[in-house]
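Student: Below is the sequence, then the predicted model.
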Amino acid sequence: MRVMVLGGDGYLGWPTAMHFAAGGHEVMVVDNYLRRTIARSTGSEPLFEAPNLEARADIFGTIRDTPIEVAIGDCSEMMFLDPLFARFLPDAVVHYAEQPSAPYSMRGFHEAQLTLRNNLGVTFNLIWAVLRHKPECHIVKLGTMGEYGTPNIDIEEGWIAVGHNGREDKFLFPRQAGSLYHTTKVLDTDLLWFYVRTHDLRVTDLMQGPVYGLSTWECEGNLRLLPNFHYDDIFGTVVNRFLVQAVAGVPLTVYGKGEQTRGYLNLKDTLQCVRLAAEKPASPGELRIFNQFTEQFTVNELAARVKRVSAALRLPVEIRSIPNPRKEKEEHYYNAKHSGLLELGLQPHFMTDDVLTQMIETIIPFKADIDSNKILPRVRWS
Ligand SMILES: NC(=O)c1ccc[n+]([C@@H]2O[C@H](COP(=O)([O-])OP(=O)(O)OC[C@H]3O[C@@H](n4cnc5c(N)ncnc54)[C@H](O)[C@@H]3O)[C@@H](O)[C@H]2O)c1
């Protein structure tokens, strides 16, 4: 297949590009370095600076003898995306190119506006590029489990049958996001569903939980091929943040009661899920939704695991509850279905002690570069 990865410089985008290329697909990565720019502007630099996209594609191409085409530009600009799409004519587009941080989106007017404009702008332009040039192209869109929020009922995979006054119909599962960023994902889903209904687009929307992990099959052993790795309060996801705190010898900061439950997955499983979705596409006129995670944990459970694994590595770790900067339920019911990707062939990599140990061992050489001031919450919801 010809696969275009929008957001190919990102934490998920770069490993995805390598994974598709290694799997024999023709890959183009597209990025405007928005993540690098806004991380710098908020003092949220990653633990180590990844080479730019062209340099990484060169390194990968040399090692594997497999080219990855690179295009640098802003996908929310149709003058950029439209001709690029028309030239490459992908069979599948993996759309990661969004501002993905909830705290960033809640920081103030400018950040909220950037998140809204950028995220919806890229999705809208992509839909129109597909409609104009290759309507059969399959869009694999990254959504988030955060679209559903934490309802007091089981979370289905995207759809729910509703009976009302003796009649029944199927609707998108109710969504009530907890940040402006997550709300842009809800709006993305609605936009995609509209064009699926009216123009028979083929779309897979992957409701993904927080991802953890550093290395994947294709970068094993080569530090210059690792993805961006953020550990700060704005761009770091919780597991990555806890592991860096453990290495730095600062307390793991649990927000509030710590009984917030979410579904998590290993970076390697993100790659598998996206590839399975692309290789077994949705049908024309189908919005296919999968809940993309492999295990559910509370934040307290995660902190306890990191503490246990760190202790075995002689890293003494303290767990500290701090006032929750977010407006969210700290104790709630949570039971989300996630069988669709397993049925498609996903072989999960669970969060074993070995996996956490390997991550800690990768982080340890960068210990001197950890800036603990970046970890405590700097953004409050209200
Ligand atoms: N990482 C997670 O745990 C997680 C969980 C659920 C969903 N997601 C979703 O997966 C996607 C990728 O997440 P990530 O963690 O890799 O984020 P990331 O910020 O590392 O990657 C996104 C990339 O898209 C690029 N980008 C953003 N806007 C762009 C534009 N207008 N034009 C071109 N490039 C643009 C950024 O520069 C960045 O490199 C996001 O949509 C995110 O919402 C991520």
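Tutor: Yep, that arrived.
Student: near the ligand, which residues of the stretch 151-300 of the chain?
Tutor: 208, 210-211, 228, 237 (C-beta under 6 Å from any ligand atom). From N, CA and C alone the C-beta is placed, and that goes for glycine too.
Student: State whether residue 131 is indeed within a helix.
Tutor: Yes. Counting by DSSP: H, G, I helix; E, B strand; the rest coil, residue 131 is part of a helix.
Student: Now that it has come up, it's in contact with residue 196, right?
Tutor: No. The pair residue 131 / residue 196 is not scored as a contact, 11.3 Å apart, by C-beta atoms under 8 Å.
Student: who has more neighbours, these two?
Tutor: Taking neighbours as other C-beta atoms under 10 Å, residue 131 and residue 196 compare with residue 196 leading, 21 against 15.
Student: The more buried one: helix or strand, and which one exactly?
Tutor: helix 180-199 (DSSP states H and E).
Student: That helix - contacts with which helices or strands?
Tutor: Here helix 180-199 touches helix 102-105, helix 109-133, strand 138-144, strand 167-172, strand 202-208, strand 286-292, going by 3 or more C-beta pairs under 8 Å, 6 or more residues apart in numbering; DSSP states H and E.
Student: picking up where we left off before, compare the residues of the stretch 151-300 of the chain next to the ligand and tell me which is most surrounded.
Tutor: Of all these, the most densely surrounded is residue 208 (24 neighbours; neighbours counted as other C-beta under 10 Å).
Student: Nearest residue to that one in space, please, no chain neighbours.
Tutor: Leaving aside its chain neighbours, residue 208 sits nearest to residue 292 (4.1 Å; criterion: C-beta to C-beta, 6 or more residues apart in numbering).
Student: Let's see whichever helix or strand residue 58 is part of as PDB, backbone CA atoms only.
Tutor: Using DSSP H and E, residue 58 falls within helix 53-64. The C-alpha trace of helix 53-64 is given here as PDB (Å, rounded to 0.1, in the frame of the first residue of the first chain):
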ATOM      1  CA  LEU A  53      12.400  14.000  10.200                       C
ATOM      2  CA  GLU A  54      14.700  14.200   7.200                       C
ATOM      3  CA  ALA A  55      17.700  13.000   9.300                       C
ATOM      4  CA  ARG A  56      15.700  10.100  10.800                       C
ATOM      5  CA  ALA A  57      14.500   9.000   7.400                       C
ATOM      6  CA  ASP A  58      18.100   9.100   6.200                       C
ATOM      7  CA  ILE A  59      19.300   6.900   9.100                       C
ATOM      8  CA  PHE A  60      16.400   4.500   8.700                       C
ATOM      9  CA  GLY A  61      16.900   4.400   4.900                       C
ATOM     10  CA  THR A  62      20.600   3.600   5.300                       C
ATOM     11  CA  ILE A  63      20.100   0.800   7.900                       C
ATOM     12  CA  ARG A  64      17.100  -0.800   6.200                       C
END
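Student: Tell me which residues of that helix come out buried.
Tutor: In terms of neighbour count (16 or more other C-beta atoms under 10 Å), helix 53-64 has its buried residues at 53, 56-57, 60.
Student: Looking at those residues, which is nearest the ligand?
Tutor: residue 53 (8.5 Å; C-beta to the nearest ligand atom).
Student: Contacts only, for that closest one.
Tutor: Taking C-beta atoms under 8 Å, 6 or more residues apart in numbering, we find residue 53 in contact with 8-9, 14, 29, 31, 33, 70, 72.
Student: quick revisit: check which element follows the helix holding residue 58 along the chain.
Tutor: Downstream of helix 53-64 (by DSSP H and E), the next one is strand 68-72.
Student: Run the chain-centre distance for whichever helix or strand comes after that following strand.
Tutor: Following strand 68-72 in sequence order, the next helix or strand is helix 78-88 (DSSP H and E). On the basis of C-alpha atoms, centre = their mean, to the nearest Å, helix 78-88 sits 24 Å off its chain's mean C-alpha point.
Student: Next secondary structure after helix 78-88?
Tutor: Trace forward from helix 78-88 with DSSP H and E and the next one is strand 92-95.
Student: Give the partner strands of that following strand in its sheet and their orientations.
Tutor: strand 2-6 (parallel), strand 138-144 (parallel) (DSSP bridges).
Student: Which single residue of this protein approaches the ligand most closely?
Tutor: The minimum distance from the chain to the ligand, using C-beta to the nearest ligand atom, falls at residue 10 (2.0 Å).
Student: Which secondary structure state is assigned to that residue?
Tutor: In three-state terms, and counting by three-state DSSP, residue 10 is coil.
Student: in stretch 23-43, what counts as buried?
Tutor: 23, 25-36, 38-39, 42.
Student: re earlier: read off the pLDDT value for the residue nearest to residue 208.
Tutor: As predicted, residue 292 sits at a pLDDT of 98.
Student: circling back to that earlier point, for residue 380, state which of the buried residues of helix 53-64 is nearest.
Tutor: Among these, residue 53 lies closest to residue 380 (C-beta to C-beta), at 33.7 Å.
Student: neighbours around the residue nearest to residue 293 when sequence neighbours are not counted, how many?
Tutor: Counting by C-beta to C-beta, 6+ apart, residue 293 lies nearest to residue 263, which is 3.0 Å off, once chain neighbours are set aside. Neighbour count for residue 263, taken as other C-beta under 10 Å: 20.
Student: And for the one 5 residues further on?
Tutor: A count of nearby residues for residue 268, using other C-beta under 10 Å, gives 19.
Student: Same check on the one 3 residues further on?
Tutor: Summarising burial for residue 271: neighbours were counted as other C-beta under 10 Å, giving 23.
Student: Quick check: the residue of the chain closest to the ligand touching residue 35?
Tutor: Yes. If you go by C-beta under 8 Å, residue 10 and residue 35 touch, sitting 5.7 Å apart.
Student: Next, show the common contact partners of these two.
Tutor: 100, 228.
Student: about what we covered before: could I get the strands paired with strand 92-95 in a markdown table, plus columns for distance to residue 381?
Tutor: Shown next, in a markdown table, are the strands paired with strand 92-95 (distance: least, C-beta to C-beta, whole Å):
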| stretch | distance to residue 381 |
| --- | --- |
| strand 2-6 | 29 |
| strand 138-144 | 17 |
